[in-house]
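> here's my sequence, what's the structure:
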Amino acid sequence: MKNKVLKAIFPVAGLGTRFLPATKSIPKEILSLVDKPLIQYAIDEARDAGIKEFIFVTSRGKGALEDYFDGAPQLELALRRQNKMELLKILRKTTMESGEIAYIRQRDPKGLGHAVWCARRLIGNEPFAVLLPDDVIAGDAPCLQQMTEAFAETGGNIIAAMEVPPAQASSYGLMDVASAKGPLLTLKGMVEKPESGSAPSNIAAIGRYILTPQIMKNLNQKMIGAGGEIQLTDAIAAEISRGGAVYGYKFSGTRYDCGSKAGFLKATVAFGLAREDLRDEFGAFLDEVAAERQKQQDIAV
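Numbers count the residues shown, from 1 in each chain. I've put the predicted structure just below:
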């Protein structure tokens with residue numbers, strides 16, 4: 001059980017201001033790609049990786065998010081009466097069993113590191129995962145599953161990694177790589193949102209982590225980092241400095257940044273086209289849109 005991850009933290013306390021006015025009354029995590037909320041993609045990924053305990057770090061105004069995971073007896077009864085068993089099966093996947101899920105309130109918006117630290121008492125002395133629902137990752141094997149399989153062999157701390165355009169690197173936590181063996185990168189440093197020209201690489205930390213309890217101890221220091229916030233990256237960098245094992249993992253799959261409007265739209269198109277029941281009609285519509293766009297560009301020339 002030493003290298004088995006059973007608990008996961010989902011930091012969902014953000015206000016979602018980039019999606020106003022939609023997020024005025026609806027948590028961003030409930031916004032849907034096609035017909036499934038962002039948070040459900042993260043939950044499904046965690047379940048596929050063997051996670052058994054789900055810890056949500058929330059804030060005021062997230063009641064709809066909590067309600068989403070409750071049972072819906074009347075709706076289930078209606079579906080059963082109408083013999084819509086496939087829909088009933090889908091609905092039941094959104095229900096969390098009693099004791100399977102916990103909610104912690106982050107009273108002050110002090111950064112990702114602070115949000116993770118808020119769950120420290122529920123983590124105890126066990127390794128844990130952190131999943132950021134804004135990052136939706138599509139692939140043959142779920143990203144966190146790939147990481148837990150690597151963790152079973154290596155232990156230590158593992159952060160999902162991908163190369164980003166150098167011009168965008170200063171928007172991420174970046175990895176200083178000592179060596180690489182296949183998808184596994186041994187790190188000698190990390191820095192959160194470095195100034196232009198000072199980045200150690202363009203290999204960025206993406207919103208999937210497997211961390212040891214020592215990271216919580218590092219977060220206890222409440223170091224103020226980039227943006228005046230308590231950064232998770234800084235706690236991981238401190239672990240590297242004290243000789244702890246920290247790895248990046250170049251996952252197989254495509255990551256969509258659903259924290260941005262453009263990224264959300266890209267993900268919607270990709271997931272829509274991946275659906276057998278939608279791809280023909282939706283694909284034909286996109287072809288029409290592309291043809292009309294090209295026509296307008298030709299006229300402009």
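> now the helices for the stretch 101-250 of the chain?
In chain order, the stretch 101-250 of the chain shows helices spanning 112-117, 120-123, 143-154, 213-219, 232-241, with DSSP state H, counting those that start in this stretch as the criterion.
> between those helices, which gets nearest to A284?
For the helices of the stretch 101-250 of the chain, proximity to A284 was assessed by CB to CB; helix 143-154 is nearest, at 31.1 Å. Every residue, glycine included, has its C-beta placed from N, CA and C.
> using CSV, write down the CA coordinates of that closest one.
Backbone C-alpha positions of helix 143-154 (Å, rounded to 0.1, in the frame of the first residue of the first chain) are rendered in CSV as follows:
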residue,chain,number,x,y,z
CYS,A,143,-3.6,10.9,-17.3
LEU,A,144,-3.8,10.2,-13.6
GLN,A,145,-3.8,6.4,-14.2
GLN,A,146,-0.6,6.8,-16.2
MET,A,147,0.9,8.7,-13.3
THR,A,148,-0.3,6.2,-10.6
GLU,A,149,1.3,3.4,-12.5
ALA,A,150,4.6,5.3,-12.6
PHE,A,151,4.2,6.2,-8.9
ALA,A,152,3.8,2.5,-8.0
GLU,A,153,7.4,2.0,-9.3
THR,A,154,9.1,5.3,-8.2
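> now do it: which elements does it pack against?
Contact analysis of helix 143-154 by 3 or more CB pairs under 8 Å, 6 or more residues apart in numbering; DSSP states H and E lists helix 38-48, strand 128-131, strand 157-163, strand 203-211, strand 246-250 as its packing neighbours.
> residues contacting that helix, please?
The list of residues contacting helix 143-154 from outside it, by CB atoms under 8 Å, 6 or more residues apart in numbering, reads 3-5, 8, 45-46, 48-51, 127, 129, 131, 137, 139, 158, 160, 183-184, 208, 210, 245, 247, 249, 251-253, 255.
> return, as residue ranges, the portions of the stretch 201-301 of the chain with sub-threshold pLDDT.
Across the stretch 201-301 of the chain, the stretches falling below the confidence threshold (pLDDT under 70) are 227, 301.
> elements contacting the helix ranked longest in the chain?
Of all the segments of type helix in the chain, defined by DSSP state H, the longest one is helix 279-300. Secondary structure elements in contact with helix 279-300, counted by 3+ CB pairs under 8 Å, 6+ apart, are helix 261-273.
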